[in-house]
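Return atomic coordinates for the entry below.
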Amino acid sequence: MKLVQIKRKTRSENRYSQKMGRLITKVTYIKKYVAGIPVKTLHKYRETYYGEVKSCEDCQLFV
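You can find the predicted model right below:
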């Protein structure tokens, strides 16, 4: 078993954007694991309807 691992996981989330309103998008998280325990989220990004990749900084999580 490796001590330090980097894993990528994709899940669907509800997001809110000023221009588009509520949207359901696939968000990919890249996390750092130490001994199987998640330590830090290195990066998260989402894929748009047109296939371009954007950072999740421009839209808020919709509750």
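
can you pull the contacts of the residue lying closest to Thr25 once chain neighbours are set aside?
When the adjacent residues along the chain are set aside, Thr25 lies closest to Arg46, with 4.7 Å between them (CB to CB, 6 or more residues apart in numbering). All C-beta atoms are positioned from the backbone trio N, CA, C, and that covers glycine. Contacts for Arg46 (CB atoms under 8 Å, 6 or more residues apart in numbering) come out as 15, 25-28, 53-56, 59.

Show me which of those are buried.
For these, burial is judged from neighbour counts taken by 16 or more other CB atoms under 10 Å, and it is met by 15, 25, 27, 56, 59.

Just the ones of those in strands?
Mapping the buried ones among the contacts of Arg46 onto strands (DSSP state E) picks out 15, 25, 27.

Tell me how far the residue nearest to Thr25 lies from Ser55.
8 Å (CB to CB, to the nearest Å).

for Thr10, same thing?
For Thr10 relative to Ser55 (CB to CB), the value is 15 Å.

picking up where we left off before, Serialize the contacts of Arg46 to CSV and add fields for pLDDT and distance to Leu3.
As requested, the contacts of Arg46 are exported to CSV (pLDDT from 0 to 100; distance: CB to CB, whole Å):
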residue, pLDDT, distance to Leu3
Arg15, 82, 34
Thr25, 84, 33
Lys26, 88, 30
Val27, 90, 27
Thr28, 92, 24
Val53, 84, 30
Lys54, 82, 33
Ser55, 81, 29
Cys56, 76, 28
Cys59, 70, 35
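
Closest to Ile6 out of these?
For the contacts of Arg46, the minimum distance to Ile6 (CB to CB) is 12.6 Å, reached by Thr28.

Tyr50 versus the closest one, what's the distance?
If you go by CB to CB, the gap between Thr28 and Tyr50 works out to 16 Å.

Arg11 pairs with what?
Arg11 has the following beta-bridge partners by DSSP bridges: Val27.

can you tell me which residues contact it?
Taking CB under 8 Å, 6+ apart, we find Arg11 in contact with 26-27, 29.

Mind putting the residues you listed into a markdown table with distance to Gln5?
Listed next are those as a markdown table, based on distance: CB to CB, whole Å:
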| residue | distance to Gln5 |
| --- | --- |
| Lys26 | 22 |
| Val27 | 20 |
| Tyr29 | 14 |
